[in-house]
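**Student:** I'll drop the sequence and a predicted model, then ask my questions.
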Amino acid sequence: MSAATGFNYAPTGQPRPVVPPGEFIFAAAYFDHGHIYGQINGLSEAGGTLKYVYDPDPARCAQTQQNFPGAKLVDSFERILDDPAVRLVTAAAVPSERCGIGLRVLAAGKDYFTDKSPFTTLAQLAEARTAVKRTGRKYMVYYSERLHVESAWHAGELVRQGAVGRVLQVLLLAPHRLSKANRPAWFFDKAKYGGIITDIGSHQFEQFLAFTGARAAQVNFARVDNFSNADKPGFEDFGEASLTTDGGASCYCRLDWFTPAGSKVWGDGRLFVLGTDGMLEVRKYMEIARPELQDQIYLVDGQGERVIDCRGKTGFPFFGQFILDVLNRTELAMSQEHAFLAAELSMQAQQLADAQRRRA
């Protein structure tokens with residue numbers, strides 16, 4: 001998968017299986033967004049066995065069948081739900097449809113791993129919370145900007161180890177390449193994608209929670225706009241938001257679809273963490289004019305300055321942890337409430353931004 005286009009960017013790493021072949025059977029369905037390939041890669045590299053693939057358009061499954069020749073293409077989603085051997089279903093449907101699919105998966109006694117954003121409305125979130133409580137199943141989310149980025153994952157480990165002291169502020173910049181001509185119609189329909197903060201903002205809110213250790217937060221400010229795509233009136237190409245966590249840390253993110261045409265990657269994603277004893281910056285996908293570099297952490301603390309090259313070092317531990325969580329019914333990879341709270345806060349910020357835009 002090319003790093004030039006974000007919609008089909010699917011990281012790969014060294015296989016680090018946590019289970020023997022055949023112990024963890026999963027299926028993949030609804031290939032509406034290219035993140036599904038990253039979801040499949042992560043689970044497979046951690047030892048998962050892909051048994052089935054399904055999409056209403058079978059052609060969208062062709063690449064996965066080439067990469068995983070043991071996976072069987074089925075002609076209905078019910079075939080997956082009816083197989084007791086399938087422990088988990090991963091999917092990347094149209095965002096507005098993700099909750100409905102997840103509720104079916106949970107009702108079938110399986111765990112669900114969906115692309116972000118997991119919901120487009122707070123009503124869907126309420127339904128999912130009720131279903132999780134009733135069934136005891138997992139409704140997990142592929143927040144790939146942390147879970148599938150080695151430098152972002154390692155930065156989280158450093159912060160938890162106290163490398164910067166108490167976290168005071170987290171800043172996130174999340175530019176994306178639009179590639180307008182290659183996007184499906186639903187991508188520009190706000191009722192289907194939920195708005196820019198609900199969508200790509202959910203990544204950032206998840207990182208706010210992860211890096212601050214927060215369990216609650218207050219949205220202070222949010223704004224969205226359509227600066228440069230008047231032909232797509234339902235689209236938002238710019239967004240920003242700020243919040244304060246229950247621990248007092250401040251958080252800010254900027255989201256946009258303005259990655260310049262000359263960039264060799266789909267977005268110059270950056271993360272900044274300020275602490276009482278140090279600061280760090282994560283350059284996730286690129287160094288400007290040095291495209292061979294990515295996954296770099298710049299750390300300054302009481303001992304001096306360091307650059308940490310994370311390429312090929314940490315791998316993607318989330319997926320193995322998550323597989324073990326499914327098997328053992330634990331919450332080591334990510335708690336259910338963390339996954340839901342990130343989505344809830346992003347939708348609350350989206351609502352605030354929408355209200356302010358209507359008043360403008």
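**Tutor:** Structure received.
**Student:** From now on I want contacts and neighbour counts done on CA atoms only, so please keep to that.
**Tutor:** Will do.
**Student:** Am I right that residue 308 is in a strand?
**Tutor:** Yes. Using DSSP: H, G, I helix; E, B strand; the rest coil, the assignment for residue 308 is a strand.
**Student:** need the contact list for it.
**Tutor:** By Cα atoms under 8 Å, 6 or more residues apart in numbering, the residues touching residue 308 are 296, 297, 298, 299.
**Student:** Please apply the same query to residue 276.
**Tutor:** Here residue 276 is in contact with 164, 165, 166, 167, 168 (Cα under 8 Å, 6+ apart).
**Student:** rewinding a little: out of the contacts of residue 308, which are inside strands?
**Tutor:** 296, 297, 298, 299 (DSSP state E).
**Student:** now those residues in a markdown table, with neighbour count, distance to residue 94 and pLDDT?
**Tutor:** Below are the ones in strands among the contacts of residue 308 laid out as a markdown table (neighbours: other Cα atoms under 10 Å; distance: Cα to Cα, whole Å; pLDDT from 0 to 100):
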| residue | neighbour count | distance to residue 94 | pLDDT |
| --- | --- | --- | --- |
| 296 | 23 | 32 | 97 |
| 297 | 23 | 34 | 98 |
| 298 | 16 | 36 | 98 |
| 299 | 20 | 38 | 98 |
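**Student:** can you list those residues in a markdown table and add distance to residue 125?
**Tutor:** Listed next are the ones in strands among the contacts of residue 308 as a markdown table, based on distance: Cα to Cα, whole Å:
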| residue | distance to residue 125 |
| --- | --- |
| 296 | 35 |
| 297 | 34 |
| 298 | 37 |
| 299 | 37 |
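**Student:** So in the protein, where's the weakest helix or strand by average pLDDT?
**Tutor:** helix 62-67 (a mean of 92; mean pLDDT, DSSP states H and E).
**Student:** Off-centre distance for stretch 117-135?
**Tutor:** Its chain's C-alpha centre and that of stretch 117-135 lie 17 Å apart, by Cα atoms, centre = their mean, to the nearest Å.
**Student:** can I have that stretch written out in PDB, keeping just the CAs?
**Tutor:** Output of stretch 117-135 as PDB, limited to C-alpha atoms (Å, rounded to 0.1, in the frame of the first residue of the first chain):
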ATOM      1  CA  SER A 117     -14.800   6.500  13.600                       C
ATOM      2  CA  PRO A 118     -17.000   3.800  15.200                       C
ATOM      3  CA  PHE A 119     -20.100   6.000  15.200                       C
ATOM      4  CA  THR A 120     -21.500   9.100  13.600                       C
ATOM      5  CA  THR A 121     -24.100  10.000  16.300                       C
ATOM      6  CA  LEU A 122     -24.300   9.900  20.000                       C
ATOM      7  CA  ALA A 123     -27.400   7.800  19.800                       C
ATOM      8  CA  GLN A 124     -25.400   5.100  18.100                       C
ATOM      9  CA  LEU A 125     -22.900   5.200  20.900                       C
ATOM     10  CA  ALA A 126     -25.700   4.800  23.400                       C
ATOM     11  CA  GLU A 127     -26.900   1.700  21.500                       C
ATOM     12  CA  ALA A 128     -23.400   0.200  21.400                       C
ATOM     13  CA  ARG A 129     -22.900   0.800  25.100                       C
ATOM     14  CA  THR A 130     -26.100  -1.000  25.900                       C
ATOM     15  CA  ALA A 131     -25.200  -3.900  23.600                       C
ATOM     16  CA  VAL A 132     -21.800  -4.300  25.100                       C
ATOM     17  CA  LYS A 133     -23.200  -4.400  28.600                       C
ATOM     18  CA  ARG A 134     -25.900  -6.900  27.500                       C
ATOM     19  CA  THR A 135     -23.700  -9.300  25.600                       C
END
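**Student:** List the buried residues of it.
**Tutor:** The neighbour-count check on stretch 117-135 (16 or more other Cα atoms under 10 Å) flags 117, 118, 119, 120, 121, 124, 125, 128, 131, 132 as buried.
**Student:** now do stretch 341-352
**Tutor:** 341, 342, 343, 344, 345, 346, 347, 348, 349, 350, 351, 352.
**Student:** now stretch 308-322
**Tutor:** For stretch 308-322, a neighbour-count test (16+ other Cα under 10 Å) marks 310, 315, 316, 317, 318, 319, 320, 321, 322 as buried.
**Student:** pLDDT, secondary structure and distance to residue 37 for the buried residues of stretch 341-352 - can I get that in CSV?
**Tutor:** What follows is those, written out as CSV (pLDDT from 0 to 100; DSSP: H, G, I helix; E, B strand; the rest coil; distance: Cα to Cα, whole Å):
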residue, pLDDT, secondary structure, distance to residue 37
341, 98, helix, 25
342, 98, helix, 23
343, 98, helix, 22
344, 98, helix, 25
345, 98, helix, 27
346, 98, helix, 24
347, 98, helix, 26
348, 98, helix, 29
349, 98, helix, 29
350, 98, helix, 27
351, 98, helix, 30
352, 98, helix, 33
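**Student:** Tell me which stretches of the chain form helices.
**Tutor:** 35-45, 62-67, 77-81, 98-107, 122-135, 144-147, 150-160, 190-193, 201-212, 317-328, 336-359 (DSSP state H).
**Student:** and the two most separated of the contacts of residue 308?
**Tutor:** Spanning the widest gap among these are 296 and 299, at 9.7 Å by Cα to Cα.
**Student:** and residue 55, how many neighbours does it have?
**Tutor:** 20 (other Cα atoms under 10 Å).
**Student:** burial measure for the residue nearest to it when sequence neighbours are not counted, as a count.
**Tutor:** Computed as Cα to Cα, 6 or more residues apart in numbering, the closest residue to residue 55 that is not its neighbour in sequence is residue 30, at 4.8 Å. Neighbour count for residue 30, taken as other Cα under 10 Å: 24.
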